[in-house]
Every structure is written in structure tokens, then in C-alpha cells.
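A.B. asks: here's my sequence, what's the structure:
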Amino acid sequence: MRISYARPSKLFSANTSLMTRIIGDLTEHKQTSIIDAVISIFKPTS
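C.D. replies: Next up is the predicted model:
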């Protein structure tokens, strides 16, 4: 197993044609956590 880290503050986009293989997947809980972190980056603070 290879350890990897998702960094929400390091945003990028890539066309799916650039993807050559799948090396892992994220649990639904982790996906939700990452999406929430990305949203919080753009959400204005009160």
C-alpha cells in the first residue's frame, strides 16, 4: 500500500485523457472531507 495525501489548498484540474491508470481510491468519508476543505478555502470568513 502506498501512502498518499490529498492537499485541498493545492488545487489543479486535469483532463481525464491525461490519466493513465488508477493507483488508489478515496473513501466516501475522505472525499466529503476534501470537498468541505476546498469549499472552506473559498467561503468568506465572518
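
A.B. asks: in the protein, which spans are helices?
C.D. replies: 28-42 (DSSP state H).

A.B. asks: for it, give me the ranges with low pLDDT.
C.D. replies: 1, 8-9, 11-13 (pLDDT under 70).

A.B. asks: let's see 90
C.D. replies: 1-26, 30, 34-35, 37-46 (pLDDT under 90).

A.B. asks: and residue 28, how far is that from residue 35?
C.D. replies: With the distance defined as C-beta to C-beta, to the nearest Å, residue 28 ends up 11 Å from residue 35. C-beta coordinates here come from the backbone N, C-alpha and C atoms, glycine included.

A.B. asks: between those two, which one's more packed in?
C.D. replies: A count of neighbours by other C-beta atoms under 10 Å puts residue 35 above the other of residue 28 and residue 35, at 11 against 8.

A.B. asks: kindly check the end-to-end length of stretch 14-34 for me.
C.D. replies: 17 Å (C-alpha to C-alpha, to the nearest Å).
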